[in-house]
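**Student:** one predicted model, sequence on top.
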Amino acid sequence: MAEQPTHPISDIDRHPDIAALRARYDWAVQRPSGQTVSGLAFLSGLYLAISSWVVGFFGHTTLTVNNLVTGIAVALLAAGIASANGRMHGLAWVLPIIGVWTIIAPWVLPPHGAGASAIASNVATGAVILVIGVACASLGRMSKRRR
C-alpha cells in the first residue's frame with residue numbers, strides 16, 4: 001500500500017490561473033518601479049525602527065518600543081514583498097494600516113504629550129509608509145506593456 005502524504009497537496013496551487021497571478025505579481029516587483037517602492041518601504045521601516053534615537057524622543061518608552069516593533073514589521077514586510085511578491089501580495093495591505101497607526105500613535109499611546117519632534121517624525125514617516133504601502137498593494141495591478 002502506498003502511504004498517504006502527511007500534508008495534502010492542494011490542487012488549487014497548481015491551477016493555471018493561480019500560477020499566472022503569482023507570475024504577474026513577481027513580474028511587477030522586478031520592474032524598476034516595483035524595486036523602488038519595495039526599497040523605499042524597507043528604508044522607511046528601518047527609519048521608523050531607529051527614529052526615536054535619531055530624533056531624540058527615547059524618553060517616551062511606549063512610543064519608542066512601538067516605533068521599533070512597527071518599523072521592524074514594515075522592513076520585514078517590504079523584504080518579503082521584494083523577494084516573493086507572488087506569495088506575499090496578500091499582506092501588502094498591512095503597510096497602509098501601519099502607516100495610519102504610526103501617524104496617530106503619539107496621541108494614542110501613554111504617556112500622552114509626546115514632543116513636537118516625535119509627533120513630526122511619526123506623522124511624516126507614517127504618511128510615507130501609508131503612500132508606499134498603497135503603492136506596494138497595487139503592484140500586481142500594473143499592466144504588462146507589449147512592445
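**Tutor:** Happy to help now that I have it.
**Student:** buried ones in whichever strand or helix holds Trp101?
**Tutor:** For Trp101, the enclosing helix or strand under DSSP states H and E is helix 94-108. Residues of helix 94-108 classed as buried by neighbour count (16 or more other C-beta atoms under 10 Å): 95-96, 98-99, 101-103, 105-106. C-beta here means a position set from N, CA and C on the backbone, and glycine is covered the same way.
**Student:** what is the nearest of these to Thr62?
**Tutor:** Nearest to Thr62 out of those is Ala105 (C-beta to C-beta; 8.8 Å).
**Student:** which residues does the closest one contact?
**Tutor:** Listed by C-beta atoms under 8 Å, 6 or more residues apart in numbering, the contact set of Ala105 reads 63, 66-67, 122, 126.
**Student:** count the neighbours of Gly71 for me.
**Tutor:** For Gly71, the number of neighbouring residues by other C-beta atoms under 10 Å comes to 23.
**Student:** same check, this time on the one 3 residues further on
**Tutor:** By the measure other C-beta under 10 Å, the count of residues near Val74 is 28.
**Student:** show me the contacts for the residue lying closest to it once chain neighbours are set aside.
**Tutor:** Of all residues not flanking Val74 in the chain, Gly45 sits nearest, at 3.1 Å (C-beta to C-beta, 6 or more residues apart in numbering). By C-beta under 8 Å, 6+ apart, the contact set of Gly45 is 71-78, 129.
**Student:** one more time with 7 Å, if that's ok
**Tutor:** 71-72, 74-75, 78 (C-beta atoms under 7 Å, 6 or more residues apart in numbering).
**Student:** go through those and name the one with the lowest pLDDT.
**Tutor:** On pLDDT alone, Ala78 ranks lowest of these, at 91.
**Student:** got the buried residues for the one helix or strand that one maps to?
**Tutor:** Assigned by DSSP H and E, Ala78 falls within helix 61-83. Of all the residues in helix 61-83, those buried under the rule 16+ other C-beta under 10 Å are 63-64, 66-68, 70-71, 73-75, 77-82.
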